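1. take this sequence and fold it.
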Amino acid sequence: MSPSPSSRVPAAGPGLRFAVVGNPENRRTTMIADAVRAAGHAAPRVLAWRDVLRGRYAFGPGELVRIDSPGENAEVDRLLRDTDDPARVEGTALWHRRFTAAVRDVTAAAHRAGAVTTADPEDVAVMFDKRRCHARLAAAGVPVPPALEGPVNGWDGLREQLGAARMSRAFVKPAHGSSASGVVALAMAGPGRVKATTSVETTADGRLYNSLRVRYYTSESEVAALVDALVPDGIHVERWLPKASQGGRAADLRVVVVAGRATHAVVRTSRHPMTNLHLGGARGDLEAARAAIRAAGGGFADVLDVAERAAACFPRTLCVGVDILPATGWRRFAVGEVNAFGDLLPRLTGLPGSGAEGLDTYAAQVAAAPAAARRAEREEHQQHQQHQEHQEHHHDTTA
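-> This is a model prediction of the structure:
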């Protein structure tokens, strides 16, 4: 790999030095850079995804490398899934293969240079595969919605599997999607009676596009065509759990966990099953949610505990965003997804008692970075020692 002009490795110097692999024009990159400077560190070195994906990057010893989202950049999207229209839904399997390969390459290059990364490539690969993520959480005893097991080959097979599992309502999710792209909330009420709620717009030639308007499909032939178009990239299907409400709107929570500790939380509400803000969702009232949980006989600590247990399934990644699904009545909680880049919550400051009071999600990560870097260096040193001991033992036994 060859360094690009923007990724020249600086000379080693005192203090923690940050490098960010991201899209320079994106607000994620701007916000982490602001947090780094506000903490008294030198401005981070930004390595653009468009260069990284072409092999033009390098790292220096002692750098702390943050791998950020490659989203919201048409050129990067084209490099990852060969599409000229970022609104297209298809191509997520190819995106996943190329992106996770790039994360592995970046991580290996950083470690060879003596740098430390804030995310583990295997963790990232699992979080971007909803099937594997669900399985990892379930194996760890984290509450998750029941899901279909095994591959789904199309609408006919899905309908049969849902019937066998007695799921009349389910979420159909592209296995490698994000930001509700391609997600379908499916309700079935007998032969030929079906309703699909989604932001996907289908064209006459069968192509799928994301839109900012949630729409409904009630023709089984339309729903079948939609599902059949999603299947080639892989889908994850789980029971559509009835969610708690706030102000007459469906509600869930995004909890950000930094270095194993829940630091930020936001309630999201919507008239639709998907609460994503870009689809008409809105931030809800966290204090009202706390009160509802207390009235149901629980405590907000129950929510944070579930989020931290989910994050613990990805121990080598500094920060994750956990989507918490509160059941009707705010009595029980399940994990919908764990997001590798779930920290984009502008102007949200830390929870009382979290250690991140007054800090946004990016500042909280910067504050946790020195300890995380030291821990990663210790783990890497231990792994190196174990490898050497194994090699020496192998040499002794074969001599």
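2. give me the pLDDT for the one residue sitting closest to the centre of the chain.
-> Central residue of the chain (C-alpha atoms, centre = their mean): Asn339, 1.8 Å from the mean position. pLDDT, Asn339: 98.
3. okay, and the beta partners of it?
-> Gly321 (DSSP bridges).
4. these two touch, right, it and Asp323?
-> Yes - look at Asn339 against Asp323 with C-beta atoms under 8 Å: they come within range, at 7.0 Å. For glycine as for every other residue, the C-beta is placed from the backbone atoms N, C-alpha and C.
5. so how far is Thr29 from Asp360?
-> Separation of Asp360 from Thr29 (C-beta to C-beta, to the nearest Å) stands at 15 Å.
6. typo on my end, Arg104
-> Distance from Arg104 to Thr29, by C-beta to C-beta: 22 Å.
7. before we move on, what about Pro242?
-> 38 Å.
8. go on, Leu351?
-> From Leu351 to Thr29 the distance is 25 Å (C-beta to C-beta).
9. now do the buried residues in stretch 347-364.
-> Across stretch 347-364, burial judged by 16 or more other C-beta atoms under 10 Å covers 348-351, 354, 356, 359-364.
10. now the two most distant members of these.
-> Spanning the widest gap among the buried residues of stretch 347-364 are Leu351 and Tyr362, at 15.6 Å by C-beta to C-beta.
11. so where do the strands sit in the stretch 51-200 of the chain?
-> Remark: strands assigned in the stretch 51-200 of the chain by DSSP state E, counting those that start in this stretch are 63-67, 116-117, 169-174, 184-188, 194-202.
12. in TSV: those strands, plus mean pLDDT and distance to Arg50.
-> Listed next are the strands of the stretch 51-200 of the chain as TSV, based on pLDDT from 0 to 100; distance: least, C-beta to C-beta, whole Å:
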stretch	mean pLDDT	distance to Arg50
strand 63-67	97	15
strand 116-117	96	20
strand 169-174	98	24
strand 184-188	97	32
strand 194-202	96	27
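13. nearest to Arg375, out of those strands?
-> Closest to Arg375 of the strands of the stretch 51-200 of the chain is strand 116-117 (C-beta to C-beta; 9.2 Å).
14. run the chain-centre distance for that closest one.
-> Chain-centre distance of strand 116-117: 19 Å, with C-alpha atoms, centre = their mean, to the nearest Å.
15. partners of it in the sheet?
-> strand 63-67 (parallel).
16. can you tell me what sits against the strand it pairs with?
-> 16-22, 32, 44-45, 59, 103, 106-107, 110, 113, 115-119, 124, 365, 369, 372-373 (C-beta atoms under 8 Å, 6 or more residues apart in numbering).
17. ok, stretch 87-107 next?
-> 21, 52-53, 57, 65, 67, 70, 77, 79-83, 117, 119-121, 124-125, 128-129, 174-177, 181-182, 200, 207-211, 229-230, 232-234.
18. and if you look at stretch 332-341?
-> Contacts of stretch 332-341 with the rest of the structure, by C-beta under 8 Å, 6+ apart, involve 28, 68-69, 71, 119, 123-124, 127-128, 130, 133, 137, 142-145, 178, 241, 252, 302-303, 306-307, 310-311, 313-314, 317, 320-327.
19. run the last query once more with 6 Å
-> By C-beta atoms under 6 Å, 6 or more residues apart in numbering, the residues outside stretch 332-341 that reach it are 69, 124, 127, 133, 137, 142-145, 303, 306, 310, 320-326.
20. could you report the pLDDT at the nearest residue to Val152 once chain neighbours are set aside?
-> Spatially, and ignoring its direct neighbours in sequence, Val152 is nearest to Leu158 (5.0 Å; C-beta to C-beta, 6 or more residues apart in numbering). pLDDT, Leu158: 97.
21. again with the one 3 residues further on
-> Per-residue confidence for Gln161 comes out at a pLDDT of 97.
22. what's the answer for Glu308, then?
-> 98.
23. and the helix or strand in which it is found, what's buried?
-> Secondary-structure assignment from DSSP states H and E places Glu308 in helix 300-311. Judged by neighbour count using 16+ other C-beta under 10 Å, the buried positions of helix 300-311 are 300, 302-304, 306-311.
24. distance from that helix to the middle of the chain?
-> On C-alpha atoms, centre = their mean, the centre of helix 300-311 falls 16 Å from that of its chain.
25. repeat for stretch 111-127
-> Distance of stretch 111-127 from the chain centroid (C-alpha atoms, centre = their mean) equals 15 Å.
26. pull the residues that contact that stretch.
-> 59, 61, 63-67, 100, 103-104, 107, 110, 132-133, 136, 314, 316-318, 338, 340, 373, 376.
27. would you put the C-alpha positions of stretch 122-129 in CSV?
-> Extracted in CSV, the C-alpha atoms of stretch 122-129 (Å, rounded to 0.1, in the frame of the first residue of the first chain):
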residue,chain,number,x,y,z
GLU,A,122,-14.4,-9.7,13.5
ASP,A,123,-16.7,-7.7,15.8
VAL,A,124,-17.5,-5.4,12.9
ALA,A,125,-18.1,-8.3,10.5
VAL,A,126,-20.6,-9.8,12.9
MET,A,127,-22.4,-6.6,13.7
PHE,A,128,-22.9,-6.0,9.9
ASP,A,129,-24.4,-9.5,9.6
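28. averaged pLDDT, that stretch. What do you get?
-> Here the average pLDDT along stretch 122-129 is 98.
29. try stretch 278-290
-> On average, stretch 278-290 scores 95.
30. now swap in stretch 240-249 and tell me
-> 96.
31. restrict that stretch to CA atoms and write it as CSV.
-> Output in CSV follows, covering the C-alpha atoms of stretch 240-249 (Å, rounded to 0.1, in the frame of the first residue of the first chain):
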residue,chain,number,x,y,z
TRP,A,240,-42.1,-8.3,15.2
LEU,A,241,-42.5,-7.7,18.9
PRO,A,242,-45.2,-5.4,20.1
LYS,A,243,-43.3,-2.3,21.4
ALA,A,244,-44.1,0.1,24.2
SER,A,245,-45.5,3.4,23.2
GLN,A,246,-45.0,7.1,24.2
GLY,A,247,-47.5,9.7,23.2
GLY,A,248,-49.4,7.2,21.0
ARG,A,249,-46.3,6.5,19.0
